[in-house]
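[1] The following block contains a protein sequence and its predicted model.
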Amino acid sequence: MASIVVKRIDPQSLNLKEQVVSINRVTKVVKGGKNLSFSALVVVGDSSAKVVGFGVGKAKEVPSAIRKGIEAAKKNLRRVHILNTTIPHQVLGRFGSGLVLLKPAPEGTGVIAGGPVRAVVQACGIPNVLTKSIGSHNPHNVVKATINALEQLRDKNAVAEMRGLTVEKM
């Protein structure tokens, strides 16, 4: 399978909104006792530019963990292909044992999704979509599976180019 070359997206030119998906208190057991720290999973996106990314930050305090997560997410931005108000076709994204099904929805349906999937879909600005999270409920796996599903979306021009046809012949 050919590797896909991803162009870096400049976060400075975008109006990014961040959303914290989960905060986890983690401990490391050492000789002197337990070292407490916090891990934060953050999703950032620009709904007008159809860009989304996620990041994980870890620090001794929650605000600095969130800040680190936001910085990591800005380095991990991806562009999403959507139709007017929904996605072009049904798609199944997977990461680990987390599966996320995204289905196009008619105008006025809204975002029908659970926590982590809703955060990603709203961050990239898809107003009407139906989703189903299958398998793992781990927020990290669900967010990564959702982004995997969004990366699989293709517009008509890309599909026509892959098939060697013009858009009118499809």
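    Now that the structure is in, tell me what you want to look at.
[2] can you give me the strands for the protein?
    Counting by DSSP state E, one finds strands in the chain at the ranges 17-30, 33-46, 51-59, 77-79, 91-95, 98-104, 111-112, 129-135.
[3] how about JSON lines for the ones you listed, with distance to T146, mean pLDDT and mean neighbour count added?
    Every C-beta, even on glycine, is put in place using the N, C-alpha and C of the backbone. Below are those laid out as JSON lines (distance: least, C-beta to C-beta, whole Å; pLDDT from 0 to 100; neighbours: other C-beta atoms under 10 Å):
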{"stretch": "strand 17-30", "distance to T146": "10", "mean pLDDT": "94", "mean neighbour count": "14"}
{"stretch": "strand 33-46", "distance to T146": "9", "mean pLDDT": "95", "mean neighbour count": "19"}
{"stretch": "strand 51-59", "distance to T146": "9", "mean pLDDT": "95", "mean neighbour count": "22"}
{"stretch": "strand 77-79", "distance to T146": "11", "mean pLDDT": "90", "mean neighbour count": "18"}
{"stretch": "strand 91-95", "distance to T146": "6", "mean pLDDT": "94", "mean neighbour count": "19"}
{"stretch": "strand 98-104", "distance to T146": "5", "mean pLDDT": "94", "mean neighbour count": "22"}
{"stretch": "strand 111-112", "distance to T146": "12", "mean pLDDT": "94", "mean neighbour count": "15"}
{"stretch": "strand 129-135", "distance to T146": "8", "mean pLDDT": "94", "mean neighbour count": "18"}
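[4] nearest to V167, of the ones you listed?
    Closest approach to V167 among the strands of the chain is made by strand 98-104 (18.9 Å; C-beta to C-beta).
[5] now the most centrally placed residue in the chain: how far from R163?
    Note on the chain: the residue nearest the mean C-alpha position is I147, at 3.7 Å, using C-alpha atoms, centre = their mean. For I147, the distance to R163 equals 26 Å [C-beta to C-beta, to the nearest Å].
[6] do the same with N157
    Distance from N157 to R163, by C-beta to C-beta: 11 Å.
[7] Could you give the bridge partners of L92?
    L101 (DSSP bridges).
[8] quick one: it and L99 touch, right?
    Yes - counting by C-beta atoms under 8 Å, L99 is a contact partner of L92 at 6.3 Å.
[9] domain ranges for this protein?
    11-78, 81-163 (automatic domain parsing).
[10] ok, for G110, nearest residue in space, not its chain neighbours?
    Spatially, and ignoring its direct neighbours in sequence, G110 is nearest to N128 (6.4 Å; C-beta to C-beta, 6 or more residues apart in numbering).
[11] do Q90 as well
    Nearest one to Q90, counting by C-beta to C-beta, 6+ apart, is K103 at 4.9 Å.
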